[in-house]
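> fold the stuff below for me.
(one chain, ligands or ions: 1)
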Amino acid sequence: MTLIINKHSNNIFWFDLCPNNESNFISVYVIIDKKISLIETGPASSHNTLLAGIKQIGLSPEDIDYIIPTHIHLDHFGGGGHMMEVCKNAKSIVHPNAYKHVSSIDRWWSGSHDFLGSIADLYGKPKPIPEKRLISAEDGFELSLGSQNLKGLHTPGHAPHHITWVYGEEAFVGDSAGLWYPNIGSSFPVTPGDYRHDLALESIKKMDKLDLAYIHYTHFGPRIAKGVFRETRKEFELWMEVVEKGYQEDKSSNIILKELFEIRPGLEATHLSHGLHQMETHLGTVKGMLHWVRRINAQD
Ligand SMILES: [Zn+2]
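So this is what the prediction gives:
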């Protein structure tokens, strides 16, 4: 496999991590300023590819100052501890709620296993990161990288410990704005079982207030920011409408997903072309949204 390093700008590089040979699924970003930062590491199973990419950019692991996930789901940061072992000068910056999970991985790993099943094994088991090498990032956390600051904006919804990282006119949005499919020019929501729709919409609103030129998805790649968050909000609301109606009519998640296939151009194609790790992704999103609707209705 040849690794292609994409140069987004003079100081932002990114590449496809191709976990277990699945392309166009996980992108990782490197910011080269006075300080050098790695945004996302991907899963533990992609550790060697990540190292190869960093070398191809012309860096050695010792050059990296910060390793910064948007959140600690295994596809984003399962390889965090592996990287910290070889990047001897690096500190890792995580959400306060993720801090204890990455320093003591047992609950993180068992929780991932419960949720992902055998996919967790495909991603590989994380390694713990000693607390003295961790920095906890409160909402609004700022860090100087040299020419510009990197700012952490808490963006819960997809996960309670999700952070969007803002660097000038660029934002690394993780999963907080859904999945971006550059080949069809569409993005769709992605929501796990403990999804909070109210917080997800608030986070999208918060990101919409930023003055951005580009947003960088983990799944997958950069996108021109103009109009994206308004469109994303509409897409999330539309899905929720369909799910809510399905809930009222007692439909199964499979039936609701089929209805979405009919009204969202390109969605079914992304489902059919899904690789190993993403087979149930859209169904999982419908289930996550259904779970939210049930919770809301139970409260009434
Ligand atoms: Zn995630």
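
> in the stretch 151-300 of the chain, which residue sits closest to the ion?
Sorted by distance to the ion under C-beta to the ion, the residues of the stretch 151-300 of the chain start with residue 175, at 4.1 Å. C-beta here means a position set from N, CA and C on the backbone, and glycine is covered the same way.

> can you list phi and psi of the closest residue to that residue other than its chain neighbours for me?
In space, and not counting its chain neighbours, residue 175 is closest to residue 158: 4.4 Å by C-beta to C-beta, 6 or more residues apart in numbering. Reported as degrees, to the nearest 10, the phi and psi values for residue 158 are phi -60, psi -40.

> hang on, isn't residue 158 packed against residue 71?
Yes - Residue 158 is in contact with residue 71 according to C-beta atoms under 8 Å; the separation is 7.2 Å.

> strands along the stretch 1-150 of the chain, start to end?
With DSSP state E, counting those that start in this stretch, the ranges of strands along the stretch 1-150 of the chain come out as 5-7, 12-16, 27-32, 36-39, 66-68, 91-94, 134-136, 142-144, 149-154.

> residue contacts, the residue of the stretch 151-300 of the chain closest to the ion?
70-71, 73, 76, 158-159, 162, 190, 218-219 (C-beta atoms under 8 Å, 6 or more residues apart in numbering).

> tell me the residues of the chain that contact the ion?
Residues of the chain lying close to the ion by C-beta under 5 Å from the ion are 73, 175.

> what's the neighbour count on the one residue in the chain that gets nearest to the ion?
Of all residues in the chain, residue 73 sits closest to the ion, at 3.5 Å by C-beta to the ion. Residue 73 has 23 neighbours, counted by other C-beta atoms under 10 Å.

> and the contacts of residue 175, which is closest to residue 285?
residue 190 (5.6 Å; C-beta to C-beta).

> tell me if I'm right that that closest one and residue 283 touch.
No - Residue 190 is beyond contact range of residue 283, at 11.4 Å (criterion: C-beta under 8 Å).

> who has more neighbours out of those two?
Ranked by neighbour count (other C-beta under 10 Å), residue 190 and residue 283 place residue 190 first, with 19 against 14.

> now do the contacts for the more buried one.
Counting by C-beta under 8 Å, 6+ apart, residue 190 has contacts 158, 175, 178-179, 219, 281, 284-285.

> switch to 10 Å and redo it
158, 175-179, 219, 278, 281-282, 284-285, 288 (C-beta atoms under 10 Å, 6 or more residues apart in numbering).

> residue 167 versus that one, what's the distance?
23 Å (C-beta to C-beta, to the nearest Å).

> now the residue of the chain closest to the ion, nearest residue through space, not along the chain?
Distances taken as C-beta to C-beta, 6+ apart place residue 159 nearest to residue 73, at 6.6 Å, with adjacent residues excluded.

> tell me the secondary structure for the one you found?
When classified by DSSP: H, G, I helix; E, B strand; the rest coil, residue 159 comes out as coil.

> that one contacts residue 192, correct?
Yes - using C-beta atoms under 10 Å, residue 159 makes contact with residue 192 at a distance of 7.1 Å.

> between these two, point out the one with more neighbours.
Between residue 159 and residue 192, residue 159 has the larger neighbour count (other C-beta under 10 Å), namely 26 against 16.

> contacts only, for the more buried one.
70-73, 76, 95, 97-98, 174-176, 191-192, 194-196, 199-200.

> elements contacting the top helix by length along the chain?
Criterion DSSP state H: the longest helix present in the chain is helix 228-248. Counting contacts by 3 or more C-beta pairs under 10 Å, 6 or more residues apart in numbering; DSSP states H and E, helix 228-248 packs against strand 170-174, strand 186-188, helix 197-208, strand 214-217, helix 253-263, helix 281-299.
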